[in-house]
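Enquirer: next come a sequence and a model predicted from it.
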Amino acid sequence: MAHINSSIEGGLEALSGEQLLTGPEENNRNAQVVLVGLNHRSAPMEIRQQVSFSKDQLPDALQRLKSDVSDGIILSTCSRTEVYTMGHSPERSARRVMEFIHRYHGLDQGFANPYLYVRSGGEAASHLFNVTAGLDSVVLGEWQILGQVRQALKAAAAHNPGTMPASLYRLFHGAVETGRKAREDTGFGETGTHLGQAVLQCAKAKLGDIANARVLIIGAGEVARLTAHALCDSGVGEMTIANRSLEHGMKLAYEVGASVVAHDDLALALRQADIVVSATGAPGFTVTKYMLADAREHNSTRELLCVDLAVPPDIDPQVATLENVRTFDIEQVQRSAVESSIKSSGKSSGDSGNEAAAAAMITKEGLGRFNTWLDSLDAVPRIRKLQQRAESIRQQELEKSLRKLNGLTDEQLAAIDTLTRSIVKKLLHEPIQALKESAGQYEPWGHAPDGTRELRSPDTFVTENRNIDEVFPTAGGQFAATP
């Protein structure tokens, strides 16, 4: 007789056509989301710089977070650093995350505690939804945070495939989709939408006419690209790109019609610049006081504007002591752009307030949908028990019948096995749907759910969609991440 799968667990997926939540979610069913972080309101820039995680540090940081606490997601931007994880005891989990932050950055334990905030459960979820919608940003409605949340999820999912708790994955998933909907449906964030525009507004506010300005962009990442395009579109006189990777620098230079120099020639390029924008994410200063002092000896007739968009900083703060040099960090640029962006849009503060209120309403609705899905997890154990019982009966009855049937080929046995699975699956469909409906359902905006997706594990969801880029398309670069 050909082998018929006698594993009850192995038959569950075939019975229902779905893969139920696996170990990580079972272990975290009664756990809460725990958030520990700081932002532009709770901590000054110098503190935020000391606890930020660069893109290069993220893989190692996620691994150490997993070892010290549990699987989690790290959201680190110029304005905030937030660590999201799961815990049965929020207080204990928060304390362990705090210890992890201090150990990772080599800080004395307790140093950053006065600046850190802790959220758990519904408060943590609400916080993330508001952050992703741009309701908690320096420039309300800015688009970058949407991409930063998306990239944080992508990095964590790639680093911990198949182990991330579904609740944590769905929290970020729902926040990104809701944040995108809040902007697209209301026009919230059309002003001051990215750092490049903020730099342009700041330059005009501080220097006036920049039509003849010579611009030096240091870096070729997404922030540098946005800034280069914004300045190029404004009609600046000349633009030069300097980057450690000459190939990447040439690519950006081609996009904006700029010249390109090797990073080793940076000191020479500084001599020609009226506006310097640096966004490299390098561990040390790309522009030192000595380099700029030398450059000013060759070009001291015009005021020099230095804009540092990196965290940690690219430009030595001591350059501000040089004569005729004005420096701005990323936070100052954002704040200086708020009023000018509203004025340039022709909208009143009341209009902006109405858009923010409409975005807040959509965000509240999205949060409610996530909470409904969270409640639906209560149905999973009952569905699993129902499926296990049905599969056990199916296999018992199948084995009885097969003892009376002799001479069947492997193909015939397989056909009978498939037939019985199909019958049980159809019989279970309505009871399973009733269990889901009684617990509540969650259907993310932007997808056409098949009625079972809300019960699937995060790794299964990503596999079905091939990758997170397909789940969260970049929408023409509007999700681009900033430092």
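Expert: Thanks, I have it. All of these numbers come straight from a predicted model, not from anything done at the bench. Numbering: from 1, shown residues only.
Enquirer: skipping adjacent residues, who's closest to G237 in space?
Expert: N212 (4.3 Å; Cβ to Cβ, 6 or more residues apart in numbering). (Each C-beta comes from the backbone N, C-alpha and C, glycine too.)
Enquirer: check D314 too.
Expert: S278 (3.8 Å).
Enquirer: residue ranges of the strands in the stretch 201-350 of the chain, please?
Expert: 214-218, 238-243, 259-262, 275-278, 304-308, 325-329 (DSSP state E, counting those that start in this stretch).
Enquirer: could you redo the ones you listed as JSON lines and give each row mean pLDDT, distance to V69 and mean neighbour count?
Expert: As requested, those are exported to JSON lines (pLDDT from 0 to 100; distance: least, Cβ to Cβ, whole Å; neighbours: other Cβ atoms under 10 Å):
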{"stretch": "strand 214-218", "mean pLDDT": "92", "distance to V69": "36", "mean neighbour count": "27"}
{"stretch": "strand 238-243", "mean pLDDT": "92", "distance to V69": "36", "mean neighbour count": "24"}
{"stretch": "strand 259-262", "mean pLDDT": "90", "distance to V69": "43", "mean neighbour count": "18"}
{"stretch": "strand 275-278", "mean pLDDT": "92", "distance to V69": "34", "mean neighbour count": "28"}
{"stretch": "strand 304-308", "mean pLDDT": "91", "distance to V69": "32", "mean neighbour count": "24"}
{"stretch": "strand 325-329", "mean pLDDT": "88", "distance to V69": "31", "mean neighbour count": "20"}
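Enquirer: which of the ones you listed sits closest to L171?
Expert: Shortest distance between L171 and the strands of the stretch 201-350 of the chain, using Cβ to Cβ, is found for strand 325-329: 30.8 Å.
Enquirer: list the strands paired with the closest one, with their directions.
Expert: According to DSSP bridges, strand 325-329 forms sheet pairs with strand 304-308 (parallel).
Enquirer: the residue nearest to D314 against I315, yeah?
Expert: Yes. With contact defined as Cβ atoms under 8 Å, S278 counts as touching I315 (5.5 Å).
Enquirer: find the residues that touch each one of the two.
Expert: Counting by Cβ atoms under 8 Å, 6 or more residues apart in numbering, the residues touching both S278 and I315 are 286-287, 306, 308.
Enquirer: check what pLDDT G366 gets.
Expert: Note for G366: predicted pLDDT of 89.
Enquirer: check which helix or strand covers it.
Expert: In the assignment (DSSP states H and E), G366 maps to helix 349-376.
Enquirer: buried residues, that helix. List them.
Expert: Using 16 or more other Cβ atoms under 10 Å as the test for burial, helix 349-376 gives 352, 355-356, 359-360, 362-363, 366-367, 369-371, 373-374, 376.
Enquirer: so how far is the following helix or strand past that helix from its chain's centroid?
Expert: For helix 349-376, the succeeding helix or strand toward the C-terminus, using DSSP H and E, is helix 380-404. Averaged C-alpha coordinates place helix 380-404 at 42 Å from its chain's average position (Cα atoms, centre = their mean, to the nearest Å).
Enquirer: coming back round to it: and of the shared contacts of S278 and I315, the nearest to A320?
Expert: Distances from A320 to those, taken by Cβ to Cβ, are shortest for C306, at 8.2 Å.
Enquirer: okay, the closest one and M291: tell me how far apart.
Expert: 11 Å (Cβ to Cβ, to the nearest Å).
Enquirer: over to S392?
Expert: 74 Å.
Enquirer: can you check N354 too?
Expert: Applying Cβ to Cβ to N354 and M291 gives a distance of 47 Å.
Enquirer: then R80?
Expert: Noted for R80: a distance of 31 Å to M291, by Cβ to Cβ.
Enquirer: these two: which has the busier surroundings?
Expert: Per other Cβ atoms under 10 Å, whichever of R80 and M291 has more neighbours is R80, with 23 against 18.
Enquirer: per-residue confidence at the residue nearest to the more buried one when sequence neighbours are not counted?
Expert: Spatially, and ignoring its direct neighbours in sequence, R80 is nearest to N39 (3.8 Å; Cβ to Cβ, 6+ apart). N39 carries a pLDDT value of 92.
Enquirer: helix or strand for K426, which one?
Expert: Counting by DSSP H and E, K426 is found in helix 410-439.
Enquirer: so that helix versus helix 380-404, what angle?
Expert: 160 degrees (axes from the mean of the first three to the mean of the last three Cα atoms, to 10 degrees).
Enquirer: list the buried residues for helix 410-439?
Expert: Buried residues in helix 410-439 (16+ other Cβ under 10 Å): 413, 416-417, 420-421, 424-425, 428, 432, 435-436, 439.
Enquirer: ok, now how distant is the residue nearest the centre of the chain from S120?
Expert: For the chain, the residue nearest the mean C-alpha position is V149 (1.7 Å; Cα atoms, centre = their mean). Separation of V149 from S120 (Cβ to Cβ): 19 Å.
Enquirer: ditto for V36
Expert: On the measure of Cβ to Cβ, V36 and S120 end up 10 Å apart.
Enquirer: who's in contact with stretch 281-290?
Expert: Here stretch 281-290 has contacts from 54-56, 218-219, 221, 266, 270, 276, 278, 280, 306, 310-316, 318-319, 321-322, 483, using Cβ under 8 Å, 6+ apart.
Enquirer: phi first, then psi, for G134.
Expert: Here is the backbone geometry of G134 (degrees, to the nearest 10): phi 80, psi 10.
Enquirer: one more: R96?
Expert: Main-chain dihedrals, R96, degrees, to the nearest 10: phi -70, psi -40.
Enquirer: how deep is it tucked in, by neighbour count?
Expert: 19.
Enquirer: give me the nearest residue to it, chain neighbours excluded.
Expert: V69 (4.7 Å).
Enquirer: which residue comes closest to A112 once chain neighbours are left out?
Expert: Per Cβ to Cβ, 6+ apart, closest to A112 is V51, 5.6 Å.
Enquirer: please apply the same query to T363.
Expert: The shortest distance from T363 to any non-neighbouring residue, by Cβ to Cβ, 6+ apart, is to A133 (4.5 Å).
Enquirer: circling back to that earlier point, from the buried residues of helix 349-376, which shows the smallest pLDDT?
Expert: Within the buried residues of helix 349-376, the minimum per-residue pLDDT falls on S352 (53).
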